[in-house]
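Asker: coords below, sequence missing:
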């Protein structure tokens, strides 16, 4: 395992954010709204977290294109103009993995680098272990390997994860998040950012607009509400060692997930590069885009 501290690149101004160009990609399963940039047979498939969307990778898309990738930043099922299946069970981990397979097949790419943040990281870890298609590289941002999380889960983390139990309730979470023009959603992100200037009002408006779509907020919450079935599925499987070269980026000022959840990740990943960013929050690719892009460039080159 390689581990590196934060570098001086965090002191520089953030890179230019891409103006994302969206297309609807029809797969064998669902139709997905995808920001498509670049060309070639090497695909970088980007999976966002909650309550974000493909827009959260706006700082990384230009870099990945410059490295020769065709970039697909996906609005995952339930987000944006992507299909929005009804019901909690439509958002279990096996369904989310199938979405990745279907997107890879639709791309007809020869090699795939899978990038995931938060919930996208959950899917990325699981896909690297059990997915139907091979990966060339894996990048995960502020999402612990599931086995490492189980190993180091503690009472403090249980308190930090209170919102997961709250999201299981019907109706009330939607009402509270949507109250006062989705003020809670915006405060959740802006309130925990270290570099607030990197996420503008316009950026937050993109998230709010997605949540405001009919059924949008419920679909977003269904990722959490499907966790009992997803957990049962993951428990049924064996934890397979990940052979794919993997970069784990971790903003240390994460209010939701403790740094200790990253410990011992090398037990489960044979070729791991772990990069801690002390001056970044959970929203790491937006909060510290210079440091994240430098780490990406070094790893992918």
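Answerer: Looks like it arrived, so ask away. Please read these numbers as outputs of a predicted model, since none were measured by experiment. Numbering: from 1, shown residues only.

Asker: phi, psi of residue 275?
Answerer: Note on residue 275: backbone dihedrals following degrees, to the nearest 10 are phi -120, psi 110.

Asker: just use 48 as the starting number from now, easier for me
Answerer: With 48 as the first residue, the last one maps to residue 322.

Asker: neighbours around it, how many?
Answerer: By other C-beta atoms under 10 Å, the residues close to residue 322 number 23. C-beta here means a position set from N, CA and C on the backbone, and glycine is covered the same way.

Asker: ok, now residue 309?
Answerer: 24.

Asker: isn't it right up against residue 195?
Answerer: Yes - counting by C-beta atoms under 8 Å, residue 309 does reach residue 195; the two are 6.5 Å apart.

Asker: which strand residues bridge the most centrally placed residue in the chain?
Answerer: By C-alpha atoms, centre = their mean, the chain has its centre lying nearest to residue 164, at 2.2 Å. Taking DSSP bridges as the rule, residue 164 bridges to residue 188.

Asker: so what's it up against?
Answerer: 94-96, 99, 103-104, 187-190, 331-332 (C-beta atoms under 8 Å, 6 or more residues apart in numbering).

Asker: quick check: it vs residue 333, distance?
Answerer: According to C-beta to C-beta, to the nearest Å, residue 164 and residue 333 sit 9 Å apart.

Asker: what touches both of the two?
Answerer: Common neighbours of residue 164 and residue 333, using C-beta under 8 Å, 6+ apart, are residue 103.

Asker: and residue 291, what does it touch?
Answerer: For residue 291, the contacting residues are 175, 182-185, 318, by C-beta under 8 Å, 6+ apart.

Asker: hmm, try it at 10 Å
Answerer: For residue 291, the contact set (C-beta atoms under 10 Å, 6 or more residues apart in numbering) comprises 159-161, 175-176, 181-185, 316-318.

Asker: okay, it: pLDDT?
Answerer: Residue 291 carries a pLDDT value of 98.

Asker: quick one: secondary structure of it?
Answerer: Secondary structure assignment for residue 291 (DSSP: H, G, I helix; E, B strand; the rest coil): coil.

Asker: for the chain, just list every one of the helices.
Answerer: Taking DSSP state H, the helices of the chain run over residues 108-113, 140-154, 166-177, 193-199, 202-207, 209-214, 219-237, 248-259, 263-272, 274-283, 331-334, 336-347.
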